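Colleague: Output the structure for:
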Amino acid sequence: MNKILSLLALAATGSSAMAQSPVPTFTAQDKLDAASYYHIRFKNGGVELVDKGVNAKISTNYGNDASAHLFALIGTRQHFVLRSKNGNYIGFQGDRLTSVKEATQALQLTLLNSPVFGEGYYVISRVDDQKNSFNPHGGTGVGKQIGFWENADANNSLYFPLPEDVPTPTYSAYRDKFTKNEYAYKGNNSFRPERPLTLWYTKPAMGVSNPWMEYSLPLGNGHLGASLFGGLQVDQIQLNEKTIWTGTPTDMGGYGGYRNLGGIFVHDLSGNFDKTTKRANGYSRFLDIERGLGGVDFSDSQGTKYERRYFLLPPMTWWLPTTRPRVTTNFTFALPW
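Modeller: Here you go, the predicted model:
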């Protein structure tokens, strides 16, 4: 039992406190060869600015040590421009930050202390408009373009981690990296469940705006919950636990909702499938509501059939997946702790 709980703790990647930073070093225009570079990371969401190339909109992504994620502040705190390590500057076209080639096209900026989070956090404003600052359009998250909004918006506050400060991938980052590109497969359109109270699909839970809400299959025992996605390349099992809640006793406005505990990602290492010629056939994914049993079935090009079964044991309050081929094979899994 202790081993199972330890594995769940390792699998759960929760949000951690963001570390504020000191005022970054500003570089003189004639000292670009010795420029100091930083990530520009938003406190809320933990995503950072990325240079997508000349004339492309600046957008957000999770931390990475690539040159496109690193920026130098050229000038002084009161008046500077931003230059990525790729050599492009941050300009402004339409109503969004845009990567530009020439320094003469760069947006003239100033660095202010965050009015929300205080020391160690900042907002970046225009020199000629210091009431509004960089703001991820549409809220925090990956792929957000950057505009300007009132400094008091908590989503505007940011800080400047050093180049080597690349955080451990969050649950969302890990999920997005491994679950958006699936192996080739053909659904089992003739699938018929053993029992009438069964939900079933002929494809993994992906390809929609919110796979968790629209297509994942839930299991629970009153203590631990799991959402089953049924991926072929990577099988994601998202977890929650009844004692993990949003809010605090002094924050009743946000109190009362479950938080995501994390997830387990089971990788296919068999080599029997790929995205082109080695297709999975006869794919089906189901939830037998009467028995509380989830399952995924498919076969490889050689006819080997694979079964996955998922269930929760009430007395022990933990989740148990099983997977097996119906004949001997080298199908294996890895848990990426």
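Colleague: Please count neighbours and contacts with C-alpha atoms only from this point.
Modeller: OK.
Colleague: What residues sit buried inside stretch 79-96?
Modeller: By neighbour count on 16 or more other CA atoms under 10 Å, the buried set for stretch 79-96 is 80-92, 96.
Colleague: And for stretch 106-118?
Modeller: Those buried within stretch 106-118 under the rule 16+ other CA under 10 Å are 106, 107, 108, 109, 110, 111, 112, 113, 114, 115, 116.
Colleague: Need these in JSON lines (columns: pLDDT and distance to residue 186).
Modeller: Output for the buried residues of stretch 106-118, formatted as JSON lines (pLDDT from 0 to 100; distance: CA to CA, whole Å):
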{"residue": "106", "pLDDT": "97", "distance to residue 186": "50"}
{"residue": "107", "pLDDT": "97", "distance to residue 186": "50"}
{"residue": "108", "pLDDT": "98", "distance to residue 186": "54"}
{"residue": "109", "pLDDT": "98", "distance to residue 186": "53"}
{"residue": "110", "pLDDT": "98", "distance to residue 186": "55"}
{"residue": "111", "pLDDT": "98", "distance to residue 186": "54"}
{"residue": "112", "pLDDT": "97", "distance to residue 186": "55"}
{"residue": "113", "pLDDT": "96", "distance to residue 186": "55"}
{"residue": "114", "pLDDT": "96", "distance to residue 186": "52"}
{"residue": "115", "pLDDT": "96", "distance to residue 186": "54"}
{"residue": "116", "pLDDT": "94", "distance to residue 186": "51"}
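Colleague: Sketch out the helices for the stretch 151-300 of the chain, chain order is fine.
Modeller: Ranges of helices in the stretch 151-300 of the chain, per DSSP state H, counting those that start in this stretch, are 171-179, 211-214.
Colleague: ok, and which of those has the densest surroundings?
Modeller: helix 171-179 (a mean of 16; mean count of other CA atoms under 10 Å).
Colleague: mind checking how far that one is from the chain centre?
Modeller: 5 Å (CA atoms, centre = their mean, to the nearest Å).
Colleague: Ok, stretch 70-78 next?
Modeller: On CA atoms, centre = their mean, the centre of stretch 70-78 falls 29 Å from that of its chain.
Colleague: which outside residues touch it?
Modeller: In this structure, residues lying in contact with stretch 70-78 by CA atoms under 8 Å, 6 or more residues apart in numbering are 24-29, 35-40, 50, 80-85, 109-111, 127, 163.
Colleague: what does stretch 22-42 give?
Modeller: So stretch 22-42 is in contact with 47-49, 63, 69-77, 85, 120, 155-163, going by CA under 8 Å, 6+ apart.
Colleague: Mind checking which of those are in strands?
Modeller: Within the contacts of stretch 22-42, membership in strands is found for 48, 49, 71, 72, 73, 74, 75, 76, 120, 158, 159, as judged by DSSP state E.
Colleague: Which residues are in contact with the closest residue to residue 43 other than its chain neighbours?
Modeller: Excluding its sequence neighbours, the residue lying closest to residue 43 (CA to CA, 6 or more residues apart in numbering) is residue 158, at 5.1 Å. By CA under 8 Å, 6+ apart, residue 158 lies in contact with 40, 41, 42, 43, 114, 121, 122, 123.
Colleague: which stretch among the helices of the stretch 151-300 of the chain comes nearest residue 189?
Modeller: Distance to residue 189, taken as CA to CA, is lowest for helix 211-214 among the helices of the stretch 151-300 of the chain, at 19.7 Å.
Colleague: How far off centre is that closest one?
Modeller: Put simply, helix 211-214 sits 15 Å off its chain's centre (CA atoms, centre = their mean).
Colleague: so what does that helix touch, helix or strand wise?
Modeller: Other helices and strands packing on helix 211-214, by 3 or more CA pairs under 8 Å, 6 or more residues apart in numbering; DSSP states H and E, are absent; none qualifies.
Colleague: going forward can the numbers begin at 49, since that is how I track them
Modeller: Got it, first residue is 49 now, which makes that one helix 259-262.
Colleague: Dump the ones in strands among the contacts of stretch 70-90 into JSON lines; add distance to residue 330 as well.
Modeller: Output for these, formatted as JSON lines (distance: CA to CA, whole Å):
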{"residue": "96", "distance to residue 330": "41"}
{"residue": "97", "distance to residue 330": "43"}
{"residue": "119", "distance to residue 330": "49"}
{"residue": "120", "distance to residue 330": "53"}
{"residue": "121", "distance to residue 330": "55"}
{"residue": "122", "distance to residue 330": "58"}
{"residue": "123", "distance to residue 330": "61"}
{"residue": "124", "distance to residue 330": "63"}
{"residue": "168", "distance to residue 330": "55"}
{"residue": "206", "distance to residue 330": "48"}
{"residue": "207", "distance to residue 330": "50"}
